[in-house]
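J.: I'd like to go over a predicted model; first the sequence, then the structure.
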Protein chains: 2
Amino acid sequence: MAQHIESSPLSLTFLGTSAGGGPSPTRNCLATALNLPNESWLVDCAEGTQHMMMRVGQPSPEKVTRVFITRLRIDHMFGLVPLILTKMYAPRSKHVSASNADSPCMPPLIVASLQTRLRIYGPAGLRAFVRNCLSITNTELVGKYEVIELLRDGEQYTPCNKEALHMNEALGRDIIANADGTWPSFETTSDGWTLSAGPLVTSFPGTSMGFIFQEPHITIPPSKDYVALLHCVSETLFPPGLRTHADLLRQLGNGKSVTLAQGRFVLDPFPRIPGRKVVVLGTTSDASPCAELARNADILVHEATVAPIVETWNGIYVDGVRGEKDTARHAIKWGHSTPTMAGQFAHRIGARVLVMNYFGEKYAAPCESVASR
Amino acid sequence: MAQHIESSPLSLTFLGTSAGGGPSPTRNCLATALNLPNESWLVDCAEGTQHMMMRVGQPSPEKVTRVFITRLRIDHMFGLVPLILTKMYAPRSKHVSASNADSPCMPPLIVASLQTRLRIYGPAGLRAFVRNCLSITNTELVGKYEVIELLRDGEQYTPCNKEALHMNEALGRDIIANADGTWPSFETTSDGWTLSAGPLVTSFPGTSMGFIFQEPHITIPPSKDYVALLHCVSETLFPPGLRTHADLLRQLGNGKSVTLAQGRFVLDPFPRIPGRKVVVLGTTSDASPCAELARNADILVHEATVAPIVETWNGIYVDGVRGEKDTARHAIKWGHSTPTMAGQFAHRIGARVLVMNYFGEKYAAPCESVASR
């Protein structure tokens, strides 16, 4: 039954990696795209995210179906509303003529306008922000967006009754954190990905979060011969609850073994490839509250804003920071991490790959530095 | 007295010229910089305006002292708040340590935080938009900004009492339109520029405006010999109201002639170079309401969104538009102008130079097309 099964390709595109002082000529503020086979999910969406998409060629706004905002800050989210406009652009002429059409067939734009084309996840206030921006600018879109707010206990809901909604807003959801402050498995997508989130320690408590994306297991389909063999097993041997051979295959495919009567022969479940876990964290000086959810991440994106690699700037010691210890103290004070701290967290959760992110805008993008030589 | 006087250099930088469907890989949505010798004023500020500033090398956010928003639309203003952040960035560490300083001398950041570093002008709602965006994102800046709203009769004021202000917001002003809907000479800058604005006809009434910037006259200083000669005129010959030779020179410098007693000798005022008039209009299908204010513009920036230059798109006639007449009808219907309409307005007001702007995002920037050959 040896068989080569390939997982579908999965990639991350770093559209913006600059800390709050950015953007710079070569680097934008935060935006990271997780590219699935048929769609992309964005974590953060700073100003110019769609410009960077055009520059690097992926993903297209059309492909983005979900946006996750880690923090309600300008450098994390100011590209979101313009991205919505680009993705759901409704040239007034077309839209109005479609509305006025007296054709018995519904025009394609009207059909599109009923669909939810973008789901936006983030902290309390995000829904009001998007809604206010679209309302004050009199923006009319094709299709719907919806905002899912991840709330801490006691946080205020943004009203979601029909009167309060923007004309292009679908009814969102409010997801209250568990007692430990996390939002584990708050949603499962139609193709089986599990979405989780957790809070992060930073200088303003309760303002930053991380997202954990768990791919579903992939069951390796058995060979035709093996299935044929299973079909030879008499239904009289099936344990209670299983009636047909289809029931038997489903149970084995679902990862459960089946014990046959007479001789207690155990059929092992079909083999499975574990799904991948992608963790993208926001600003933090301590990601501990996300540790359990992030355990065994295949890839961990962690900030490392404060590094001791450049100790002086124009010959002046930056804030008196000198060595590793001093750097860590400084980082924690301002709600950030050092590369060492990021590495320690990666080690603690058993991450296979660590990507460090969120550096000062004074560092040029490496490829750009090479290109300009 | 022939003398060569040069006006100070004045230029426009087109940082974004794309209509609402943009941005494109080479062109941004609207932003036009008027570069004066020591500062720059922006008309509109779409997403990515500061990215384009870095790309073309001017102006720097530091140089921008005034931003004029022609319309509260995403493609006219979504770069404004991130630009404020960049221009007035307050790294928390520095800011807090400055506030905590117990030095008797006021630290430079505190001094900076008292100054108004950006004035923002535009329609009703702009003040609330900026304030809400800064508040919901917990943004702390160095220095103050202020919003001057140009209101039509009956439009609601955004509260400006101290409690309502953002911590970095200076008390703004509300300027009510004249009976004809214009805001003539609503401000004179410290260096003598006169700012005016007028409404524009577009598809949603009362949503778009144009700005008129009038440079002050430059008085050509007379030669030393001529001044010496004027000093020889006896004060007894001065008309009533003038006492000293300084009074005489001031009157002549202010553009008024002086009639001396005895023989009624008339001293002509010192010659003057008229100041330049720069007119940048927003979206419009008819700029008539701005015609009087814009008369004799040295440069007129006028939209020309709907052009008959590309009649088909993938072989399909766009909205059935074919000839010049049809194009104009189509343009007016959707609140835009054709190149012919822009030209007619320029002719009507006697503009010396017309720059057409605000084209669909499908046209690449000309320099980029050349560069990519």
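T.: Yep, that arrived. Numbering: from 1, shown residues only, chains lettered A, B, ... in the order given.
J.: wouldn't residue A:171 be in contact with residue A:159 here?
T.: No. If you go by Cβ atoms under 8 Å, residue A:171 and residue A:159 don't touch, sitting 11.2 Å apart. All C-beta spots, glycine's among them, are computed from the backbone N, C-alpha and C.
J.: anything in contact with each of those two?
T.: Between them, residue A:171 and residue A:159 share no neighbouring residue, with contact defined by Cβ atoms under 8 Å, 6 or more residues apart in numbering or on different chains.
J.: what is the burial count for the residue of the stretch 201-350 of chain A found nearest chain B?
T.: Closest residue of the stretch 201-350 of chain A to chain B, Cβ to the nearest Cβ: residue A:334 (5.4 Å). A count of neighbours around residue A:334, defined by other Cβ atoms under 10 Å in any protein chain shown, yields 17.
J.: quick check: mean pLDDT of stretch A:230-243?
T.: Model confidence over stretch A:230-243 averages 92 on the pLDDT scale.
J.: distance between it and the chain's centre?
T.: 42 Å (Cα atoms, centre = their mean, to the nearest Å).
J.: ok, residues contacting that stretch?
T.: The set of residues external to stretch A:230-243 that reach it, using Cβ under 8 Å, 6+ apart, is A:222, A:244-245, A:247-249, A:251-252, A:258-262, A:265, A:267.
J.: then it to CSV, C-alphas only?
T.: Taking Å, rounded to 0.1, in the frame of the first residue of the first chain, the C-alpha atoms of stretch A:230-243 are listed here in CSV:
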residue,chain,number,x,y,z
LEU,A,230,-12.5,-5.2,2.2
HIS,A,231,-15.6,-5.7,0.1
CYS,A,232,-15.0,-9.5,0.5
VAL,A,233,-15.5,-9.2,4.3
SER,A,234,-18.9,-10.5,5.2
GLU,A,235,-21.3,-7.9,6.6
THR,A,236,-22.2,-10.4,9.3
LEU,A,237,-18.8,-9.8,10.8
PHE,A,238,-19.3,-6.1,11.2
PRO,A,239,-19.6,-4.7,14.7
PRO,A,240,-22.9,-3.1,15.8
GLY,A,241,-23.5,0.3,14.1
LEU,A,242,-21.9,-0.7,10.8
ARG,A,243,-24.3,-2.1,8.2
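J.: now do the buried residues in it.
T.: Residues of stretch A:230-243 classed as buried: A:238, A:242 (neighbour count, 16 or more other Cβ atoms under 10 Å in any protein chain shown).
J.: got it, and stretch A:241-256?
T.: In terms of neighbour count (16+ other Cβ under 10 Å), stretch A:241-256 has its buried residues at A:242, A:248, A:249, A:251, A:252.
J.: ok, now stretch A:158-175?
T.: Within stretch A:158-175, the residues that count as buried by 16+ other Cβ under 10 Å are A:158, A:160, A:165, A:166, A:168, A:169, A:170, A:172, A:174.
J.: cool, stretch A:132-151 as well?
T.: By 16+ other Cβ under 10 Å, the buried positions in stretch A:132-151 come out as A:132-134, A:136-137, A:139-151.
J.: could you tell me which residues of the stretch 51-200 of chain A lie near chain B?
T.: Applying Cβ under 8 Å from any Cβ of the partner chain, we find that the stretch 51-200 of chain A lies next to chain B at A:51, A:54-55, A:72-75, A:77-79, A:81-82, A:85-86, A:89, A:91-93, A:125, A:128-129, A:132-133, A:136-139.
J.: show me the contacts for the residue nearest to residue A:352 when sequence neighbours are not counted.
T.: Leaving aside its chain neighbours, residue A:352 sits nearest to residue A:298 (5.1 Å; criterion: Cβ to Cβ, 6 or more residues apart in numbering or on different chains). For residue A:298, the contact set (Cβ under 8 Å, 6+ apart) comprises A:276, A:277, A:278, A:351, A:352, A:353.
J.: of all the buried residues of stretch A:158-175, which two lie farthest apart?
T.: Using Cβ to Cβ, the pair of the buried residues of stretch A:158-175 lying farthest apart is A:168 and A:174, separated by 19.4 Å.
J.: by neighbour count, which of the contacts of residue A:298 wins?
T.: Ranked by neighbours (other Cβ under 10 Å), those are led by residue A:278, which has 25 neighbours.
J.: tell me the pLDDT at that residue?
T.: Per-residue confidence (pLDDT) for residue A:278: 98.
J.: same deal with the one 10 residues further on?
T.: Model confidence at residue A:288, given as pLDDT, is 98.
J.: cool, and residue A:163?
T.: pLDDT at residue A:163 comes out at 83.
J.: what residues are up against residue A:73?
T.: Taking Cβ under 8 Å, 6+ apart as the definition of contact, the neighbours of residue A:73 are A:20, B:137, B:138, B:139.
J.: what's the closest non-adjacent residue to the first one?
T.: The reference is to residue A:20. What sits nearest to residue A:20 in space, not counting adjacent residues and going by Cβ to Cβ, 6+ apart, is residue A:75, at 4.5 Å.
J.: pull the residues that contact the helix or strand encompassing the one you found.
T.: Secondary structure assignment for residue A:75, by DSSP states H and E: helix A:74-77. Outside of helix A:74-77, the residues within contact range by Cβ under 8 Å, 6+ apart are A:18-20, A:22, A:29-30, A:44-47, A:69-71, A:122, A:126, A:129, A:282, B:81-82, B:85, B:133, B:137, B:139.
J.: please redo it, this time with the cut-off set to 7 Å
T.: Residues from elsewhere that reach helix A:74-77, judged by Cβ atoms under 7 Å, 6 or more residues apart in numbering or on different chains: A:20, A:22, A:29-30, A:44-46, A:69-70, B:81-82, B:85, B:137, B:139.
J.: now stretch A:257-273
T.: Stretch A:257-273 is touched from outside by A:5, A:7, A:217-220, A:222, A:233, A:237, A:239, A:242, A:248, A:251-253, A:255-256, with contacts defined as Cβ under 7 Å, 6+ apart.
J.: and with 10 Å instead?
T.: Residues lying outside stretch A:257-273 but in contact with it, judged by Cβ atoms under 10 Å, 6 or more residues apart in numbering or on different chains, are A:1-3, A:5-7, A:215-222, A:226-227, A:230, A:233-234, A:236-242, A:247-249, A:251-256.
J.: from the contacts of helix A:74-77, which land in helices?
T.: When the contacts of helix A:74-77 are checked against helices using DSSP state H, the ones located there are B:81, B:82, B:85.
J.: got TSV for the residues you listed, with pLDDT and neighbour count too?
T.: Formatted as TSV, the entries for the ones in helices among the contacts of helix A:74-77 read as follows, by pLDDT from 0 to 100; neighbours: other Cβ atoms under 10 Å in any protein chain shown:
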residue	pLDDT	neighbour count
B:81	98	20
B:82	97	27
B:85	96	27
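J.: for chain A, tell me which of those show up nearby.
T.: When Cβ under 10 Å from any Cβ of the partner chain is taken as the criterion, the members of the ones in helices among the contacts of helix A:74-77 that contact chain A are B:81, B:82, B:85.
J.: dump those residues to JSON lines, plus distance to residue B:303.
T.: JSON lines is the format used below for those (distance: Cβ to Cβ, whole Å):
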{"residue": "B:81", "distance to residue B:303": "24"}
{"residue": "B:82", "distance to residue B:303": "24"}
{"residue": "B:85", "distance to residue B:303": "29"}
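J.: so what does residue A:131 have for phi and psi?
T.: Reported as degrees, to the nearest 10, the phi and psi values for residue A:131 are phi -60, psi -50.
J.: for it, give its distance to residue B:40.
T.: From residue A:131 across to residue B:40, the span is 33 Å (Cβ to Cβ, to the nearest Å).
J.: residue A:115 contacts residue A:141, correct?
T.: No. Using Cβ atoms under 10 Å, residue A:115 makes no contact with residue A:141, being 11.3 Å away.
J.: still on that earlier bit, so of the contacts of stretch A:257-273, which ones are in helices?
T.: Per DSSP H, helices hold the following members of those: A:226, A:227, A:230, A:247, A:248, A:249, A:251, A:252, A:253.
J.: may I see the buried residues of stretch A:331-351?
T.: Within stretch A:331-351, the residues that qualify as buried by neighbour count (16+ other Cβ under 10 Å) are A:331-332, A:334-343, A:345-346, A:349, A:351.
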